[in-house]
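Undergrad: sequence and computational prediction follow.
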Amino acid sequence: MNAREAALKALQAIEPGKEKSDRIVHAILDRATMNRQDRALTTELVNGVLRMRKKIDFIISKFYHHRFEKAAPVLQNILRLGVYQLLFLEKIPEWAAVSECVDLARKYKGERMAKLVNGVLRKITPDNVVMDEWLKGCEDMERLSVQYSHPEWLINRWNAVYGRETTLASMTYNNHAPLFGFRINTLKQTPDEFLADPAHSSFPQERCLTGNFFLSKEFAGFEACLKSGKLTVQNPTQGVACLLLNPVPESRVLDLCAAPGGKATFMAELMQNKGSITAVDRSSEKLEKTRQHAVELGITIIKTICADARSFVPEETPQAVLLDAPCTGTGVLQKRAELRWKLSMEMLQELVTLQRELLDHAASILPVNGILLYATCSIEPEENELQIEAFLRRHPEFSRDTSCGSLPEPFRMSAAEKGSILTLPGELPGFDGGFAQRLRKNAR
Ligand SMILES: C[S@@+](CC[C@H](N)C(=O)[O-])C[C@H]1O[C@@H](n2cnc3c(N)ncnc32)[C@H](O)[C@@H]1O
């Protein structure tokens, strides 16, 4: 199986299912015997087609003489793969893109479809794709939705909340292949020691946050360090929430939606592996990953419990609760390539209700002076600021807490003013979107 066929298999599996695309791609690549370059091409093709699907389908519809949305899914995906290679990837020669897709069509749909794929793809060249002309009569958001391949309802919302320029910056960020975010495990070495090591100092890397995070295009070169627990894959935006909570050694923290444990393990590192972290999640499978990862990192203070965080009562009262709530994930659309097409207003509303229930229960667990850190990887106000405003109206015993210690720039001011940080995709190079709010429970 070559890279294009592997990509086609992945796209076929992703469409109807609920499983995340990266898991499906990994499962297919695990079974295939392919070199590193082909594995990278498979991932790029799948993610590229998923991200740019709306634009690609629009272009195909101009050259395909039937109704493209009615075509067999396998034919749709073969044509999408072809167009992605022809118009979005510079490194693939045109003839290779076309002939590989024709071969796939022959293998999966027979000679007639191979001819059809050949006919359509041969007509699609950069000169024949006249987006501005085709979209001339469209409303602004409708046009941007096609050009930047995002659902129109979603960008209408962003435009209303953040304005056109920010919406464009977010969409541009979401359409790029992500940088890999890494966190250096300070229980094993200092960031300076790690980055000075000649084994990996040659790879391009950009240090960020407090210096224990870095961003890099390189992944394979860090695999050995990931296995040995010197590193964790984590976007720095995830780290910001933990820094805002700022757990000190010997503290007692309850992490209510903890799995797979990215934040729990960072908190354990900040606590120098002293104190206790109770990591609750309703997914036992993901909690198993948390346990395994903690062992790799040399962390012993995390205890995992499989439970519903809306009713879980800890044996010991925590000093702080981290509630990294399930959310739409609109801050991480760059990484979750297919997610933009799966979201809906109904889903947003259901999640807002779940977040409210989780927040109310977290509030009941905390003692006076306890800290509640609420975080999402969403940029939707209903899941962030509006959720917090409603919480504070229901719980006047809580207030926004600005005493969070020193956060690095550019987060310091927002944390000092409101106890919260909102990061929008594209605002800071390599940082995903996300929100975090620090709250304190006061005596009534
Ligand atoms: C945003 S993820 C948490 C990520 C995690 N904090 C980390 O840093 O790796 C949200 C988690 O909430 C869990 N979850 C959703 N509803 C829950 C509930 N009612 N009780 C407990 N966990 C829940 C999901 O299984 C998922 O693992």
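TA: Structure received.
Undergrad: roughly how far is the helix or strand hosting Phe214 from the heart of the chain?
TA: Element membership for Phe214, per DSSP states H and E: strand 213-216. Remark: strand 213-216 is offset 16 Å from the chain centroid, using C-alpha atoms, centre = their mean, to the nearest Å.
Undergrad: residues in contact with stretch 76-89?
TA: 4, 7-8, 11-12, 15, 44-45, 48-49, 52-53, 56-57, 59-60, 64, 68, 71, 92, 94, 96-98, 101, 104-105, 108-109, 117, 120-121, 124-126, 129 (C-beta atoms under 8 Å, 6 or more residues apart in numbering). C-betas here are computed from N, CA, C, even on glycine.
Undergrad: of those residues, buried ones?
TA: Neighbour counting with 16 or more other C-beta atoms under 10 Å marks 4, 7-8, 11-12, 44-45, 48-49, 52-53, 56-57, 59-60, 64, 68, 71, 92, 97-98, 101, 104-105, 108-109, 117, 120-121, 124, 129 as buried within these.
Undergrad: run through the residues you listed and flag the ones next to the ligand.
TA: The subset of these within reach of the ligand, counting by C-beta under 6 Å from any ligand atom, is empty.
Undergrad: just those residues: which are in helices?
TA: Taking DSSP state H, the ones among those that sit in helices are 4, 7-8, 11-12, 44-45, 48-49, 53, 56-57, 59-60, 97-98, 101, 104-105, 108-109, 117, 120-121.
Undergrad: looks to me like Trp211 is in a strand.
TA: Small correction: residue 211 is Gly, not Trp. No. Counting by DSSP: H, G, I helix; E, B strand; the rest coil, Gly211 is located in no strand; its state is coil.
Undergrad: now for the nearest residue to it once chain neighbours are set aside, how many residues are close by?
TA: Excluding the flanking residues, the one nearest Gly211 by C-beta to C-beta, 6 or more residues apart in numbering is Pro191, at 5.0 Å. Pro191: 17 surrounding residues under other C-beta atoms under 10 Å.
Undergrad: pLDDT value on Pro191, please?
TA: Among the per-residue scores, Pro191 holds a pLDDT of 92.
Undergrad: residue contacts, it?
TA: Applying C-beta under 8 Å, 6+ apart, we find Pro191 in contact with 184, 207, 211-212.
Undergrad: and for Thr290?
TA: 258-261, 264-265, 279, 281, 302, 304.
Undergrad: which ones among these map onto helices?
TA: Judged by DSSP H, helices contain the following of the contacts of Thr290: 264-265.
Undergrad: of the contacts of Thr290, list those near the ligand.
TA: Okay, of these touching the ligand (C-beta under 6 Å from any ligand atom), that's 258-261, 281.
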